[in-house]
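[1] Fold the following.
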Amino acid sequence: MQETALVVLAEYNTVTEAEIGKSMLDSAGIWSTIRNEYMSTIYPVGTMPAQLMVREEDIHRAQALLRVR
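    Numbering: from 1, shown residues only. Alright, predicted model coming up:
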């Protein structure tokens, strides 16, 4: 079984913002997940950002879709 490397596409101060990005990626057929989803709700804003993660091979398509770098 081959492991797939995940990379951080973007960081958000709220889980809601990260979920909007994830939804856009899902609609485009790009797999993603949110890291620190629950921790970012416990800690003060900006302390533990919600990170939108994608497969390394999808990073350029995802960046273009969400217009992030």
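
[2] Check the separation of the first and last residues in stretch 41-60.
    Stretch 41-60 has an end-to-end distance of 28 Å (CA to CA, to the nearest Å).

[3] what distance separates it from the centre of its chain?
    5 Å (CA atoms, centre = their mean, to the nearest Å).

[4] can I assume residue 30 is in contact with residue 63?
    No: applying CB atoms under 8 Å as the test, residue 30 and residue 63 come out as separate, 10.5 Å apart. (C-beta placed from N, C-alpha, C; glycine too.)

[5] out of these two, which sits in the busier spot?
    The neighbour count for residue 30 versus residue 63, taken as other CB atoms under 10 Å, is higher for residue 30 (18 against 14).

[6] For that one, which residues are in contact?
    Residues near residue 30 by CB atoms under 8 Å, 6 or more residues apart in numbering: 54, 58, 61, 62, 65.

[7] what do you get for residue 13?
    By CB under 8 Å, 6+ apart, the neighbours of residue 13 are 40, 45, 46, 49, 50.

[8] Now intersect those residues with the helices, please.
    Of the contacts of residue 13, the ones assigned to helices by DSSP state H are residue 40.

[9] Tell me which helix or strand in this protein has the weakest average pLDDT.
    Across the helices and strands of the chain, the lowest-confidence element by mean pLDDT, DSSP states H and E is helix 39-42, at a mean of 76.

[10] helices or strands next to it in the packing?
    Contacts defined by 3 or more CB pairs under 8 Å, 6 or more residues apart in numbering; DSSP states H and E place helix 39-42 against helix 15-27.

[11] Would you mark the buried spots in the helix it packs on?
    Residues of helix 15-27 classed as buried by neighbour count (16 or more other CB atoms under 10 Å): 15, 17, 18, 21, 22, 25.
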